[in-house]
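Asks: fold the stuff below for me.
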Amino acid sequence: MIGETIKSGDNRAASPFFRVFGGRLKVADGDAVAMGKSVGNHSLEWAVLSTLVPGVVGVAVFDGLWRLGGCWAAWLGLLPMTFIALHVLGFLLGAWSPRGTFLVWSGALTAWALALLRWGGETPLVWVAWLWLGFIALQVLGMIGLVWQRMMRVEGPKGITLRIVLAVLIHLGIALIWWQFGAAWGASAFVGMVAVWALGTFNPTNEIFGPMPMRLDQRQALLTIDDGPDPEDTPVILDLLDKHGVKAVFFVIGDKVRRFPELAKEIVARGHELGNHTMTHPQHSMWSAGPVRMRREIEECSRVIEEMSGQRPRWFRAPVGHRNYFTHPIAAELGMEVVVWSRRGFDTLDREVEGIVDDLTRNLRYGEILLLHESTKQAPQVVKRVLEEVAPLKD
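Replies: Predicted coordinates:
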């Protein structure tokens, strides 16, 4: 059995903004993977917070000392009082986790910034208060992103209904902007919505509409082979995989499985997995499929795979990676995880084999998911060369 996917929904960040926009979880290979998932902070967030929080605390201490004792009190007391504030006050406020600590300091410094703006009078330090409030505004944006992520994980009919309601509300919001602020603002909001939708649909690795695992929790890269089964390529590829002792996932098309059931059975018999790649592979129109058509494409493919091979697919990949707004809740309801890839060589184009292999294997790490294809003129050669590079990773 192929290993489990590594989810990228949590990158260890404490603040909402970095949890959403801080990038995917990146940890070392091997034994450090388990430790890296739970220990330490997000690296970029650590750099920002370790500079920003002490800096703003220092400014708040300096401002308070200046108001209480004047210039000399402020400069002489800055370092010791900042040290006390960061350690003693932090202890007294009480927080026993990175996220709890972030919330405590966010609340305390936001209260100071608002108080300075409201009652601080004329002071050259007002820009620091605005800087901190701008940082907090980013956290609010991150909180909205976290809520959106949670909603995008709702499965089945509830998930479809929720997405339709959200789409209606977003369009109503754009109409309200148009009505209140004019055509220019309304058109800009509409273009922004379309841009986000296009990013979530046409960028295969984007997670706006749901999680897209790109790595596995296993000590070797995974070959995934799309667009089969193929009577010319599949037998050759299976022999190559056997020769190198590598297991793969074949993302198969339902219509082809129905035409070549013996090949689907042979894939399973040799210890590989079958993934769902839709019933008809509508690569030019999958992006525009509504929930009814989307369900039909995915459900029929799974049914045919199970009938012909006896194996129920647990992974789904959209044609060309163009899953859309309704893909995730339907796939989840049918017991599948939407999986993309971390490497592709564009092997369906007329490219040299060595160039394809280099794109797929250069600086390859454990657990990466590689995208290859059947039904191309160079498919066996590409698989052979990739296996020569990937197989040593098992050792």
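Asks: Asn276 and Gly345, how far apart?
Replies: 22 Å (Cβ to Cβ, to the nearest Å). To be clear about C-beta, it is placed using only N, CA and C from the backbone, and glycine gets the same treatment.
Asks: whoops, I mixed them up, Gly275
Replies: 19 Å.
Asks: of those two, who's got more company?
Replies: Gly275 (25 against 21; other Cβ atoms under 10 Å).
Asks: for that one, grab phi and psi.
Replies: Backbone torsions for Gly275, taken as degrees, to the nearest 10, come to phi -110, psi 160.
Asks: in contact with it, which residues?
Replies: Neighbour list for Gly275: Thr224, Val249, Phe250, Phe251, Val252, Pro313, Arg314, Trp315, Phe316, Arg317, Val339 [criterion: Cβ atoms under 8 Å, 6 or more residues apart in numbering].
Asks: which residue packs closest to the last one, ignoring adjacent ones?
Replies: Same thing as Val339. Trp315 (4.7 Å; Cβ to Cβ, 6 or more residues apart in numbering).
Asks: now the first one
Replies: Counting by Cβ to Cβ, 6+ apart, the nearest residue to Thr224 once its immediate chain neighbours are dropped is Val249, at 4.7 Å.
Asks: confirm the one you found sits in a strand?
Replies: Yes - the assignment for Val249 by DSSP: H, G, I helix; E, B strand; the rest coil puts it in a strand.
Asks: what bridges to it?
Replies: Val249 has these beta-bridge partners by DSSP bridges: Thr224, Glu273.
Asks: surely it and Leu223 touch.
Replies: Yes - Val249 lies in contact with Leu223 (Cβ atoms under 8 Å); the separation is 7.5 Å.
Asks: Three-state assignment for His284, please.
Replies: coil.
Asks: and the residue nearest to Thr224, how far from Ala108?
Replies: 50 Å.
Asks: same question, Gln378
Replies: On the measure of Cβ to Cβ, Gln378 and Ala108 end up 62 Å apart.
Asks: same deal with Leu78?
Replies: The value you get for Leu78 to Ala108, if Cβ to Cβ is used, is 18 Å.
Asks: again, but for Ile330
Replies: 45 Å.
Asks: in which helix or strand does Trp105 reside?
Replies: helix 98-119 (DSSP states H and E).
Asks: what packs against that helix?
Replies: If contacts are counted by 3 or more Cβ pairs under 8 Å, 6 or more residues apart in numbering; DSSP states H and E, helix 98-119 sits against helix 43-84, helix 90-93, helix 126-151.
Asks: pick out the shakiest of those helices, pLDDT-wise.
Replies: With a mean of 70, helix 90-93 has the lowest mean pLDDT of the helices and strands packed on helix 98-119.
Asks: tabulate the helices and strands packed on helix 98-119 (a markdown table), appending mean neighbour count and distance to His281.
Replies: Converted to a markdown table, these look like this (neighbours: other Cβ atoms under 10 Å; distance: least, Cβ to Cβ, whole Å):
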| stretch | mean neighbour count | distance to His281 |
| --- | --- | --- |
| helix 43-84 | 16 | 39 |
| helix 90-93 | 12 | 57 |
| helix 126-151 | 15 | 29 |
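Asks: which one of those lies nearest to Pro213?
Replies: helix 126-151 (14.3 Å; Cβ to Cβ).
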